[in-house]
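A.B. asks: sequence plus predicted model, see below.
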Amino acid sequence: MSAAPPNSSRLTIRDLAARKGGVPMVWLTAYSAPTARALDPHVDAILVGDSMGMTFYGMESTLGVTLDMMIAHGSAVVRASKRACVVVDLPFGTYQASPAQAFTSAARVMAETGCAAVKLEGGVEMAETIAFLVTRGIPVVGHVGLTPQSVNAFGGFRTQGRSAAEAKKVMDDAKAVAKAGAFALVIEKTVEPLSRAITKAVPVPTIGIGASPACDGQVLVLDDLTGMFDLFLPKFVKRYAEMGRDMDKAVAAYAADVRARKFPQAEHCFTATPAKSKTKK
Ligand code: KIV
């Protein structure tokens, strides 16, 4: 087990829950120590999302992500961060069967990563499970609207809440998850007026992704924001950098230098006798 010791400088789930209606919270995903270190001073919460299946592992959906993968990446993120509240996703198939299955999975994630909470997808049908976890000491973030683990049932990554029946379902889901005890709620790819209405209707902070500026916070997948993942650009993403393009340029320049024997040069090589300068020889 590698649970991190409680760290008093970290934002807690109580701090986040208290942000309902206040200055919007900043959430971002991270899956690795270096990205967690970079995000930590700027965000309120880091989500170790199962989106890593697609952005990091090149899968077509999040369905192939395992509990062991979430634990490995979750512990790296907790180790490398000091201030942000860290939330780890429960992956597909590790919580839907029963509240007891969810508890076993969530307890492993909490104990082995040292994170503050888990996130799970689903609405009315997951309310009993959320209450089961929360009453046993496991803080939960809900996730309604487009829930990518149900991509096959949805028939694709479709915007949610366009018909009256769909809008009622997403609203009912959000209310059920909040009533069950989730301390925050992600709303994904759901029409704006409905996301705004849900934010008004539930007492817990809503965290939007493709939802509404009225939400109590926003989350994006870091790789989308940085352009590190550039296979496609969802409408709800704003790119703040072009790291995929920059990496392509950097690697092409390196390849050209190697082929032209321009790299390495003398300064990159070791002398036979150690020099007295401060640089590594
Ligand atoms: O897995 C993830 O990164 C997520 C966000 C898209 C909210 O659930």
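C.D. replies: In hand now; what should we look at?

A.B. asks: count the neighbours of the residue in the chain positioned nearest to the ligand for me.
C.D. replies: Proximity of the chain to the ligand (C-beta to the nearest ligand atom) peaks at Gly49, 2.2 Å away. Bear in mind the C-beta positions are built from the backbone N, C-alpha and C, glycine included. When neighbours are defined as other C-beta atoms under 10 Å, Gly49 has 31 of them.

A.B. asks: identify the bridge partners of the closest residue in space to it that isn't next to it in sequence.
C.D. replies: Nearest non-adjacent residue to Gly49, counting by C-beta to C-beta, 6 or more residues apart in numbering: Thr29, 4.4 Å away. Per DSSP bridges, residues listed as beta-bridge partners of Thr29: Leu47.

A.B. asks: residues in contact with Ala214?
C.D. replies: Ser195, Arg196, Thr199, Lys200 (C-beta atoms under 8 Å, 6 or more residues apart in numbering).

A.B. asks: reformat the residues you listed as JSON lines; add secondary structure.
C.D. replies: Output for these, formatted as JSON lines (DSSP: H, G, I helix; E, B strand; the rest coil):
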{"residue": "Ser195", "secondary structure": "helix"}
{"residue": "Arg196", "secondary structure": "helix"}
{"residue": "Thr199", "secondary structure": "helix"}
{"residue": "Lys200", "secondary structure": "helix"}
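
A.B. asks: which among these are in contact with the ligand?
C.D. replies: Among the contacts of Ala214, no residue sits close to the ligand (C-beta under 6 Å from any ligand atom).

A.B. asks: hmm, Thr35 and the residue of the chain closest to the ligand touching each other?
C.D. replies: No: the criterion here is C-beta atoms under 8 Å, and Gly49 misses it with Thr35 at 11.9 Å.

A.B. asks: next SSE downstream of the lowest-mean-pLDDT helix or strand in the chain?
C.D. replies: One helix or strand of the chain scores below all others by mean pLDDT, DSSP states H and E: helix 151-154, with a mean of 92. Counting by DSSP states H and E, the next helix or strand C-terminal to helix 151-154 is helix 164-180.

A.B. asks: quick one: contacts of that following helix?
C.D. replies: Contacts for helix 164-180 (C-beta under 8 Å, 6+ apart): 122-124, 126-128, 130-131, 134, 140, 142, 144-145, 160-161, 185, 187, 190-191, 194, 197-198, 201-204, 206.

A.B. asks: buried sites along it?
C.D. replies: Along helix 164-180, these residues count as buried under the neighbour rule (16 or more other C-beta atoms under 10 Å): Glu166, Ala167, Lys169, Val170, Met171, Asp173, Ala174, Lys175, Ala176, Val177, Ala178, Ala180.

A.B. asks: which one of these sits closest to Ala80?
C.D. replies: Ranked by distance to Ala80 (C-beta to C-beta), these are led by Val177 at 29.7 Å.

A.B. asks: rounded mean pLDDT for stretch 212-228, please.
C.D. replies: Summarised as a single mean, pLDDT over stretch 212-228 is 97.

A.B. asks: ok, is that stretch in contact with the ligand or not?
C.D. replies: Yes: under the criterion of C-beta under 6 Å from any ligand atom, stretch 212-228 makes contact with the ligand via Val219, Val221.

A.B. asks: quick one: terminal-to-terminal distance for that stretch?
C.D. replies: 24 Å (C-alpha to C-alpha, to the nearest Å).

A.B. asks: isn't there a strand covering Gly208?
C.D. replies: Yes: per three-state DSSP, Gly208 lies within a strand segment.

A.B. asks: for it, which non-adjacent residue is closest in space?
C.D. replies: The spatially closest residue to Gly208, leaving aside those adjacent along the chain, is Cys215, at 3.4 Å (C-beta to C-beta, 6+ apart).

A.B. asks: tell me the contacts of Val65?
C.D. replies: Contacts of Val65 by C-beta under 8 Å, 6+ apart are Asp50, Met52, Gly53, Tyr57, Met59, Asp89, Pro91, Phe92.

A.B. asks: run the last query once more with 6 Å
C.D. replies: Asp50, Gly53, Pro91 (C-beta atoms under 6 Å, 6 or more residues apart in numbering).

A.B. asks: for Val221, see how far away it is.
C.D. replies: Here the criterion is C-beta to C-beta, to the nearest Å. By it, Val65 lies 14 Å from Val221.
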